[in-house]
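K.L.:
just the structure for this:
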Amino acid sequence: MEKQSRRGLLKNAAAAAVAVTGGAAITQTASAQVSGKLEKRSIPPKTQADKVPTTPAKKPLFSSIITYGNMVFLAGIGAHFKGTVEEHTKHVLDELEKNLIKAGSSMEKVLKVNVYLNDLKDYTAMNSVYANANWGDTPPVRTTIAAAGGIPGDSLVEIDCIAYM
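P.N.:
So this is what the prediction gives:
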């Protein structure tokens with residue numbers, strides 16, 4: 001019989017434990033996540049009329065809402081009216097919430113937020129409104145930047161997000 005080192009015994013025991021317990025749990029979790037048909041969907045769904053245009057049209061550059069499995073991806077939403085950064089932030093958060101609900105999600109299910117400010121000096125004022133959003137007990141992770149070239153449509157703030165359903 002071949003003599004095994006203590007390290008070799010521990011490695012083999014760990015591998016056996018993972019195979020018997022952890023590996024099974026990971027396999028069940030993974031198969032549960034992919035048991036449904038995964039496909040990219042636009043919200044609202046495209047209708048037949050959308051698929052057969054009567055006049056040639058340009059392809060859209062992007063979708064506003066895409067789902068994939070139980071994930072929801074919202075394109076950036078801005079506020080395109082004259083107002084303060086607080087008013088723009090409130091409008092953007094309200095629109096995000098409407099779109100999340102339309103997709104079957106909610107503000108509480110947001111995992112990741114990107115905040116784009118037209119000017120970094122608006123950071124504190126934006127946060128004064130952002131902090132009141134209904135993020136639930138665990139706020140999403142967030143990145144905030146000031147866009148060097150400004151935000152399209154003269155919005156003072158634009159926010160996109162990733163959530164689950």
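K.L.:
so which helix or strand of the protein has the lowest pLDDT on average?
P.N.:
Comparing every helix and strand of the chain by mean pLDDT, DSSP states H and E singles out helix 23-33 as the least confident one, with a mean of 43.
K.L.:
okay, helices next: where are they in the protein?
P.N.:
Using DSSP state H, the helices found in the chain span residues 6-17, 23-33, 48-51, 85-102, 123-130.
K.L.:
what does stretch 113-121 contact?
P.N.:
With contacts defined as CB atoms under 8 Å, 6 or more residues apart in numbering, stretch 113-121 is touched by 76, 85, 123, 126, 130, 140-147, 150-151, 154-161. Using the backbone N, CA and C atoms, a C-beta is placed for each residue, glycine as well.
K.L.:
mind doing that once more with 7 Å?
P.N.:
Contacts with stretch 113-121, where a contact means CB atoms under 7 Å, 6 or more residues apart in numbering, come from 76, 123, 126, 140, 142-147, 150-151, 155-161.
K.L.:
for stretch 132-149, same thing?
P.N.:
The set of residues external to stretch 132-149 that reach it, using CB under 7 Å, 6+ apart, is 93, 107-108, 110-120, 123, 161.
K.L.:
which of those residues count as buried?
P.N.:
If you count burial by 16 or more other CB atoms under 10 Å, the buried members of the contacts of stretch 132-149 come out as Leu93, Met107, Val110, Val113, Val115, Tyr116, Leu117, Asn118, Cys161.
K.L.:
nearest to Lys58, of these?
P.N.:
Using CB to CB, the shortest approach to Lys58 within the buried ones among the contacts of stretch 132-149 belongs to Tyr116, at 25.1 Å.
K.L.:
can you tell me the closest non-neighbouring residue to that closest one?
P.N.:
Leaving aside its chain neighbours, Tyr116 sits nearest to Glu158 (4.4 Å; criterion: CB to CB, 6 or more residues apart in numbering).
K.L.:
what's opposite the one you found in the beta bridge?
P.N.:
The residues paired with Glu158 through beta bridges, assigned by DSSP bridges, are Gly78, Tyr116.
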